[in-house]
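In: Need coordinates for the below:
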Amino acid sequence: MEEGTEKEVSATTGRMPSPIVTKKLKETSEKSEKSEKSEKSEKSEKSEKSEKSEKSEKSEKSEKSEKSEKSEKSEKSEKSEKSEKSEKSEKSEKSEKSEKSEKSEKSEKSEKSEKSEKSEKSEKSEKSEKSEKSEKSEKSEKSEKSEKSEKSEKSEKSEKSEKSEKSEKSEKSEKSEKSEKSEKSEKSEKSEKSEKSEKSEKSEKSEKSEKSEKSEKSEKSEKSEKSEKSEKSEKSVNSRPLYH
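Out: Have a look, this model is predicted:
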């Protein structure tokens, strides 16, 4: 190739080719060969990498599927155990309920029998008590009659005394009511005065707050005007040309 190129150059130009040209041709040919080799090696590496990545993905997928199957199996086993436990607990509860119901029935029967015995005894005792009461009532009636006569006399006396006490109490109550009314009227007047004073204080406070807000606003506006003026003066000073 190099000899052919040299002959072509000599034929066209009529001169011998320079060694620089031949070196450049050699370098270009070597570079092209090296680039081809590097491209081939890169392609082979890429293909190997892609194969490795595919293999790793396949292995990961298989592991994931195995894990999912294992988790499903474990969940199923747990569910079956839970169902068995729930059935056992239900059976035990049913048995306990049945035992409780039997016990309650027995206790009810025993209570009923005791109640019936008690009722019979109570009836007998009531009968005896009634007979005793009738005798006592006769005696008490006699004693009551005598007591009533005495009470009537006493009641007359007590009524007279009560009337006198009532009259005194009524007078006292009237006096107390009058005093209470006067106190209430005084309290109401005081409360009205206090409310009026509070309202006046509130109004004064609101006026003061409004005045302070206005003064603050005016100060702020003055400050902003001063700052604007100072900025304008600085700008005018800066915009003036310097004379040397």
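In: In stretch 118-137, which residues are buried?
Out: For stretch 118-137, the neighbour count (16 or more other CB atoms under 10 Å) marks no residue as buried. The C-beta positions use only the backbone N, C-alpha and C, and glycine is treated the same way.
In: which helix of this protein spans the most residues?
Out: The single longest helix within the chain, with elements called by DSSP state H, is helix 19-239.
In: Please tell me how far that helix is from the chain's geometric centre.
Out: Mean C-alpha position of helix 19-239 versus that of the full chain (CA atoms, centre = their mean, to the nearest Å) differs by 9 Å.
In: For that helix, name the packing helices and strands.
Out: helix 2-13 (3 or more CB pairs under 8 Å, 6 or more residues apart in numbering; DSSP states H and E).
In: Domain-wise, how is this structure divided?
Out: 1-44, 181-232 (automatic domain parsing).
In: and the longest one, average pLDDT?
Out: Across domain 181-232, pLDDT averages out at 89.
In: can you start the count at 716 instead of 1 from here on
Out: Fine by me, first position is 716 from now on; the one you just mentioned is domain 896-947.
In: related to what we said a few turns ago, need the domains of the chain in JSON lines with distance to Glu880, can you?
Out: Formatted as JSON lines, the domains of the chain follow (distance: least, CB to CB, whole Å):
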{"stretch": "domain 716-759", "distance to Glu880": "127"}
{"stretch": "domain 896-947", "distance to Glu880": "24"}
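In: nearest to Lys890, of those domains?
Out: Lys890 sits nearest to domain 896-947 of all the domains of the chain, at 10.9 Å, using CB to CB.
In: so where is the chain shaky, pLDDT-wise?
Out: Residues of the chain that meet the criterion pLDDT under 70 lie in 716-732, 954-959.
In: measure Gly760 to Lys848 for me?
Out: No Gly there; residue 760 is Glu. 122 Å (CB to CB, to the nearest Å).
In: do the same with Lys914
Out: According to CB to CB, Lys914 and Lys848 sit 76 Å apart.
In: Also Lys791?
Out: 81 Å.
In: Ok, Lys800 next?
Out: Relative to Lys848, Lys800 is positioned 67 Å away (CB to CB).
In: Glu949 now?
Out: From Glu949 to Lys848 the distance is 120 Å (CB to CB).
In: Same question for Ser840.
Out: 12 Å.
In: before we move on, what about Glu907?
Out: To Lys848, Glu907 is 69 Å away according to CB to CB.
In: again, but for Lys839
Out: 15 Å.
In: try Ser861
Out: 20 Å.
In: likewise Glu946?
Out: Going from Glu946 to Lys848 by CB to CB gives 115 Å.
In: Likewise for Ser858?
Out: Distance from Ser858 to Lys848, counting by CB to CB: 15 Å.
In: And Lys782, by the same measure?
Out: Taking CB to CB, one finds Lys782 at 92 Å from Lys848.
In: Glu943 now?
Out: Taking CB to CB, one finds Glu943 at 112 Å from Lys848.
In: go on, Ser891?
Out: Taking CB to CB, one finds Ser891 at 50 Å from Lys848.
In: ditto for Lys929
Out: Counting by CB to CB, the separation of Lys929 from Lys848 is 96 Å.
In: Glu814 now?
Out: Using CB to CB, we find Glu814 at a distance of 49 Å from Lys848.
In: repeat for Ser912
Out: For Ser912 relative to Lys848 (CB to CB), the value is 75 Å.
In: One more: Lys890?
Out: 53 Å.
In: for Glu880, same thing?
Out: Between Glu880 and Lys848 the computed distance is 39 Å (CB to CB).
In: ditto for Lys746
Out: Relative to Lys848, and taking CB to CB, Lys746 is found at 140 Å.
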